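Trainee: Please work out how this folds:
(chains A, B and C)
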Amino acid sequence: MQLSRDELLRAYRQMKIIREFEERLHIEIGRGEIPGFTHLYSGQEACAVGVCENLEIDDKMVSTHRGHGHCIAKGCDVKGMMKEIYGKDGGLCNGKGGSMHIADLDQGMLGANGIVGGGPPLAVGAAIAERNRGTGRVAVSFGGDGSINQGTVFEAMNLAVVLKAPVIFVIENNHYSEHTHYSYAVGSGDIVGRTKAFGMPVFEADGSDFFAVYDAMKEAVDRGRAGEGPSALYLPIVRFYGHVEGDPQNYRGPDETKKNRETMDCLPKFRQRVTEAALLTNEDLDKIDEEVLALIDEAVAEASAAPLPPMEMLYTDVYNEY
Amino acid sequence: MSKDIFPVVMPKLGMEMTEGQITKWHFKEGDALNLGAELADIETDKLSIPYEVEFEGNLKSVIAEEGVTYPVGKLLAVIAAEGVTDDQVDEFVSSYKSVEPEEVEVAEAGGGYGSAVPSSSNGAAPAQTGPQASSVSSDAVRTFIEENNLNISPIAARLAIQAGVDLSSVSGTGRLGRISVANVEAAAGGPLGRKANRVNASPVAKRLAKQKGVDLDVIQGTGPNGRILKRDVEGASAGGGLASVVQVGPARYRTEPLSGMRKAIARRLVQSKTEAPHHYLRIELHMAELMSLREGINKRLGDKKVSVNDLLVRAVGLALRDVPEANVQYADDEMRFFNQADVGVAVAVESGLITPIVKGACKKSVLQISGEIAALAEKARSGGLLPADIEGGTITLSNLGMFGIQGFDAVVNPPQGAIIAVGAVEERPANVNGLLDLAPMMHVTMSCDHRAIDGAVGAKYLAAFKDLIENPVSLVI
Amino acid sequence: MPEKSMRDAINECLHQEMERDENVIVLGEDVAGGMGSPGGPEAIGGVFSLTAGLFTKYGEQRVIDTPISESAIVGAAAGAALAGLRPVAEIMFTDFMGLCLDPVYNQGAKFKYMFGGKAKTPMVIRTTMGAGMSAAAQHSQTNYAWLTSIPGVKCAVPSNAYDAKGLLTSAIRGEDPVMYFEHKMLYMAACEVPDESYTVPFGKGNLTREGSDVTIVAFARMVHLANEAADELVAEGISCEVIDPRTTSPLDEELILESVQQTGRLVVVDESNPRCSMASDIAGIVASQAFDYLDAPIKLVTPPHTPIPFAPNLEYAYLPSKDRIKQEVQQVMEAL
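Mentor: Residues are numbered from 1 along each chain as shown, chains lettered A, B, ... in the order given. Alright, predicted model coming up:
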C-alpha cells in the first residue's frame, strides 16, 4: 500500500511517541512516581498505529488494560494522558480513571478497560450504533491472547456475526497472558481457526511490521464500511516489558527480552524499510526522534507539576442526576 | 389556608398538657396587634404563660372566655389582616376544624392500592391520581396537594394541614426539591405531629424506667436532642411538683374559680398529708459564723450579692451528700436512693407557690447556686418557668424568714422524703460559750415522710446540716 | 381513564418511546422471536409479551433478537449507549444477571465516573423477577439489592401499571444506566393508566396509604400484600402507613424517615433473602437516622435464608404472606 510522505512521517511519529511515552513511564514508575498498576505497551507500537492509521476520528475503539498505545494512536492528547496516569487534576479523565481507564469519547476512544474481555461486547454495541445511523463507521476492539478464551469475547464475536455489525476484533498475540504462555491456554492452539469458525474472515500480519499491519487492517476496514460485517486481525507480536510493572518475568527464557528488542523492534524495521526505499531520510526520522523526546519531557514535567484533583471530585459524576 | 386570617388556638405547652384556660385577655375585639404583643395569659395546672402574637393584624372573633377551660387545639380567637371583612372572618371561623394532634383520617379499605397521594411528577402527569380503583388514602391531603399545586411530601402535607401552616411562602429543600417535613416544621417553628409530643428516651432508658416505675415525663434527658439515657433514669427521682404551702386560714369570703396552680397545690398536699406519715425534727442554729461569712463573701463580690438562702441551699445539698440515707423516697414496694441532691427552692409568686429546682446543689458553688436561684425566681415571677425547671427534686427548702416567721412545719412535697423549713435569723437569747447572751439564731424544722426517713436518719441529717451551717467555711470548700 | 395491565403499560411505553426517539433500540432474547425460523419473525414479542408489536413497527435494526449471550447483550447495550444510542436490553429472568453482571457493574455503572464525567451510559436493562409461579430456584429470585449497592446504577421496582409506565419512561429518557425490575406475578395486575406519555421520577416514593401506628415499607408485589394486611388490621384498631419506594436507587429515605418519625414503628416487607437485602438496608438507615423516634424494634418480613423451593406449598411458606405481615405488625404494636 502506497502511503504519502506525510502519512509515513505521521506513522513513524505516532509509533515513536508511544515508544518514548512507555519507556519514560518505565523509568518514572521505577522511581515511585506513579500510583497503581501500569501495563506497558513497548514493542507493540506497529499494531496500534498500523490499525489506527486506517481509522477516522469518529470510528470507535475500545482497548484493554494495556491501552496507552491504542489511546495515543487514536489521537488522545499525550499531555492529558500523562497527567491522568499521574492521577493529577487536568488528566484526560480528571484523575478519576488512571492508566487502565483512559478514555476520550471525542476521539472515538471508548476507554481502556480493566476487565479482560470487557471490551469486545462494548465494541459490538458501538458498531450497532454506527450501523443504525448509517455512518459507515467501524468499531475496533483490541484484545490479546489473554482475552481470547473469555466467554464475553466468544459471545461478542458470535453476536457481531449474527447482526453483521461493523466490528473489527484485533487480536495482539504477545504470547503471554500474564505469566501463562498461549500455547498452554489456548486449547486448540489455533486462535485464527477458532475465530474463523465464528463466521468472520481473519487477516494475519506480523505485528512488528507497520506496513503489514496497515494493509491487513485496510482490508478489514473496507469490509466493515461496506456493510459486509465483522472481521478479525491476528497479529503475533512481543511485549518488551512484563505483564505489569513490577512483574519479575520469571516465565521468560534466558535473554528473551534482549533478543526481542534486537529482532522484533518495529521502529528500526520501519526506518530500514523507508530509508532503503528512499521514501524518507534518516534526518527526517532523527528530527522526529528529537521532537518526540522533547514532547515526552514536557508531558512528564507538566504532569509532575500539576496539582492533585480537588476533594470534591470524589463525589462528582456518579450519576447524571440523583 | 388563607394567608390573611390567622387562627389563635390553645397551644400545647409542655408534654402533658391537654387543656388550659385564658385567665385574661389583654386586648379586645377590633384592637390592632403588633408582633410579640402579649395577647392573653394562658394557664395550665403548672404554669402561667403569656400568649405572644405571631401575626400582625386586628383581633377578631374572640371566642374563648376568661376562666373557662378549653382543650389544646381549640380555636380561641382570630387575627385578620387589614382589609379582611367580617363575613370572611365568620366564614373562616365556621369552617375551621380544630384538628386534634395525631388524628389522621384513614379512608375505608378498598380494592386497588396505588398512589394514595400522587407524588408530583413536575406537572408531567395529566392524571396525578394514579391507580386507584378505590383509594385508601386521606382525600383531604390529596385534594390539598392538588388544589395548591404543591411539590410536597404527603406526610409534610398532612402535618401542615393539621398545624395550620401556611405553605405559600415555604420553599422545598427536600428530595428533588419538594417541601419536606423539615421545611414545614421550620415554618411552624417546631416539631409537628407526634414528634411534638414525644418523650425522647433511649430504648434501654425506657425499659429501666418501666422497671423502676419512673415517670419519663419528669426526667431531664442529658443525651443528644434531649434524649433521656439510662443514666438519667438511674439518677432520677420520679418527683417534681409544687411546693407545699403553709396553711393560711381563710380570710374573707368571695368566690374565685380555682386556678390551675391552686388545684394542683390542693391535690398534691392532700395526697402528701394523707399518705405520708409526717414527723418533725427541730433544731436551732447559731448563725453568727454564717452571717459573717456571707458578709465577707459579699464584700468580695461587690455588686453581686449572695443571700443567706443561697448558703442554706448549698448546705441542704451538702448535707444530703454527707447523709445519703436521707436522700431517699418511698415508692410502693421499694426505697429509692438518689445519688445527687436536687434541691427545690420555694418561691412565692402572685398565684401561689412554686418550687424550681437547683439540680446538683451538692456539686455547685455558692455563687452558681445564687445565680441560678435568682434566674429561676425571676422566671417564676414572670411566668417563664418551663416544666423541666420544676420537675425532679429530692428535697425542698422553704424559707419564710423574710416574712418574720420564727419557725414552721412544712408539708413534705410528694414524692420527696423530706422538706426543710427555716425561719428568720433573729437575735435571741442563746448559749454563747457557756454564757447567756444574744446571738443570731435561726429555727429549722425538718418534716420527714416516716416511710422513707426515720427519726434517727433525720436527726443525723440535721446534725450534718447544723455542722455545715455553724462551720460555714465548709460550704465554700 | 382506561385500565391497563402492567404488561400492556410497559409495552405501551416502549412503543411510545421508540416512536419519540429513533435512538431507542430494544435488544434481547426473543424480543421479536422467530428469527431465522420458518414461521418468520415476530413469533412472540418477548416470552412475557412485553415487546409485542415492536419488531413489526420498527424493524430489525432497532428491535434486535440476540442469541443466548447475556454478557454480549448487556455489553453491547453499554457500548451502544456510549456511542449515542438509548438501548433497552432485556434479560429474560433476573436470575441470569450472574452471567452479565460485569457490563453493568464494572462497565456501564462506572464509565461516567472513571472517564472524569466525559461519558454517559443511558442504557436500561429490563428484567423479570419474583416467585409465586413454581418457577423454582433459578427462575424466581429477586436481586435488586445487589444492583442497588452499585454506585452509578439506578434501580426501579414498580408495583403497579401506572408506576411501571412512568418509571420506564423516566428510565429511557434519563442519562444513567438503569436496572428495571418487573415482577412476573404483577404482569396482569391492572389499574388506571393514562394513554399519553408521562414520567414518574426516580427517588420519590409513593405513600399508598396513610396511617399513624406503624410504617410499612414494601416492594413490588409485597406492596399489595402489605395493603391487604393493613386493611384487615384496621378492624383491630391498628392504623398502618404503607410506603412503596418504587425505586431502590435512588431511595426516598426522606419519606420513610418522615413517616417513622410520626409512627415510631417500622416493618419492612421484602421478597428477597434477608442477608444484605433492601430490608436490612432500610432498617440500618432508620435505626441510625431516626433512633430517637423509634418506639419498638424494627421488624423485617422476608423469606428465610434458603433458595426458592419448587413444591407450591413450600414456595408459599417461603414467601412473606399477608398473615405474616399482620403478625409482625401486631408484635411491633405490643413491644414497648
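Trainee: All the helices of chain A, residue numbers only.
Mentor: A:5-30, A:45-52, A:68-74, A:78-86, A:119-133, A:151-163, A:182-185, A:191-197, A:210-225, A:256-263, A:266-276, A:282-305 (DSSP state H).
Trainee: To chain B, which of these lies closest?
Mentor: Closest approach to chain B among those is made by helix A:119-133 (28.2 Å; Cβ to the nearest Cβ). Where C-beta positions appear, they are placed from N, C-alpha and C, glycine not excepted.
Trainee: helices or strands next to the closest one in the packing?
Mentor: strand A:60-62, strand A:139-144, helix A:151-163, strand A:167-173, helix C:70-82 (3 or more Cβ pairs under 8 Å, 6 or more residues apart in numbering or on different chains; DSSP states H and E).
Trainee: what sits up against stretch A:187-194?
Mentor: Residues outside stretch A:187-194 that contact it (Cβ atoms under 8 Å, 6 or more residues apart in numbering or on different chains): A:Asp145, A:Ile148, A:Ile171, A:Asn173, A:Tyr182, A:Ser183, A:Val186, A:Val202, A:Glu204, A:Tyr234.
Trainee: what about the fifth one, distance to C:Val234?
Mentor: Pointing back at A:Tyr182 there. Between A:Tyr182 and C:Val234 the computed distance is 70 Å (Cβ to Cβ, to the nearest Å).
Trainee: likewise the last one?
Mentor: Distance from A:Tyr234 to C:Val234, counting by Cβ to Cβ: 72 Å.
Trainee: For the two, work out which one has more neighbours and name it.
Mentor: A:Tyr234 (21 against 15; other Cβ atoms under 10 Å in any protein chain shown).
Trainee: What's opposite that one in the beta bridge?
Mentor: A:Ile171, A:Glu204 (DSSP bridges).
Trainee: How about the contacts made by it?
Mentor: A:Ile171, A:Asn173, A:Ile191, A:Val192, A:Thr195, A:Val202, A:Phe203, A:Glu204, A:Ala205.
Trainee: Mean neighbour count added to the helices of chain A, as a markdown table?
Mentor: Formatted as a markdown table, the helices of chain A follow (neighbours: other Cβ atoms under 10 Å in any protein chain shown):
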| stretch | mean neighbour count |
| --- | --- |
| helix A:5-30 | 19 |
| helix A:45-52 | 30 |
| helix A:68-74 | 27 |
| helix A:78-86 | 24 |
| helix A:119-133 | 29 |
| helix A:151-163 | 24 |
| helix A:182-185 | 13 |
| helix A:191-197 | 16 |
| helix A:210-225 | 21 |
| helix A:256-263 | 13 |
| helix A:266-276 | 17 |
| helix A:282-305 | 15 |
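Trainee: Might you name the residue of chain A sitting closest to chain C?
Mentor: A:Pro121 (2.2 Å).
Trainee: buried sites along stretch B:39-54?
Mentor: B:39-49, B:51, B:53 (16 or more other Cβ atoms under 10 Å in any protein chain shown).
Trainee: ok, residues contacting the strand or helix carrying B:Asn58?
Mentor: Element membership for B:Asn58 (DSSP states H and E) is strand B:57-60. Residues from elsewhere that reach strand B:57-60 (Cβ under 8 Å, 6+ apart): B:4, B:6, B:27-33, B:39, B:77-82, B:84, B:86, B:89.
Trainee: go again using 10 Å as the cut-off
Mentor: B:4-6, B:8, B:25-34, B:37, B:39-40, B:53, B:77-84, B:86, B:88-90, B:92-93 (Cβ atoms under 10 Å, 6 or more residues apart in numbering or on different chains).
Trainee: ok, now which ones touch the residue of the stretch 1-150 of chain C found nearest chain A?
Mentor: The stretch 1-150 of chain C approaches chain A most closely through C:Gly75 (2.2 Å), counting by Cβ to the nearest Cβ. Neighbouring residues of C:Gly75 by Cβ under 10 Å, 6+ apart: A:62, A:115, A:117-125, A:152, A:155-156, A:159, C:69, C:89, C:100, C:102-104, C:107-108.
Trainee: C:Gly205 and C:Leu255 touch, don't they?
Mentor: Yes. Using Cβ atoms under 10 Å, C:Gly205 is in contact with C:Leu255, at 4.5 Å.
Trainee: neighbours around C:Leu294, how many?
Mentor: 18.
Trainee: Point me to the helix or strand that includes C:Val26.
Mentor: strand C:24-28.
Trainee: now C:Thr208
Mentor: strand C:206-209.
Trainee: and B:Pro429, what element?
Mentor: Using DSSP H and E, B:Pro429 falls in strand B:418-432.
Trainee: Could you list the buried residues of that strand?
Mentor: B:Ala418, B:Ile419, B:Ile420, B:Ala421, B:Val422, B:Gly423, B:Ala424, B:Val425.
Trainee: tell me the pLDDT at the fifth one?
Mentor: pLDDT recorded at B:Val422 is 95.
Trainee: Redo the helices and strands packed on helix A:119-133 as JSON lines? Include mean pLDDT.
Mentor: Converted to JSON lines, those look like this (pLDDT from 0 to 100):
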{"stretch": "strand A:60-62", "mean pLDDT": "97"}
{"stretch": "strand A:139-144", "mean pLDDT": "97"}
{"stretch": "helix A:151-163", "mean pLDDT": "97"}
{"stretch": "strand A:167-173", "mean pLDDT": "98"}
{"stretch": "helix C:70-82", "mean pLDDT": "97"}
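Trainee: could those be laid out in CSV, adding distance to B:Ile405?
Mentor: What follows is these, written out as CSV (distance: least, Cβ to Cβ, whole Å):
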stretch, distance to B:Ile405
strand A:60-62, 97
strand A:139-144, 102
helix A:151-163, 97
strand A:167-173, 105
helix C:70-82, 90
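Trainee: Of the ones you listed, which is nearest A:Gly242?
Mentor: strand A:139-144 (13.9 Å; Cβ to Cβ).
Trainee: check whether stretch A:313-322 contacts chain C.
Mentor: Yes. Interface with chain C: stretch A:313-322 contributes A:Met313, A:Leu314, A:Tyr315, A:Thr316, A:Asp317, A:Val318, A:Tyr319, A:Asn320, A:Glu321, A:Tyr322 (Cβ under 10 Å from any Cβ of the partner chain).
Trainee: tell me the average confidence for stretch C:232-245?
Mentor: 95.
Trainee: what's the answer for stretch C:113-123, then?
Mentor: On average, stretch C:113-123 scores 96.
Trainee: What of stretch A:231-241?
Mentor: Rounded mean pLDDT across stretch A:231-241 is 97.
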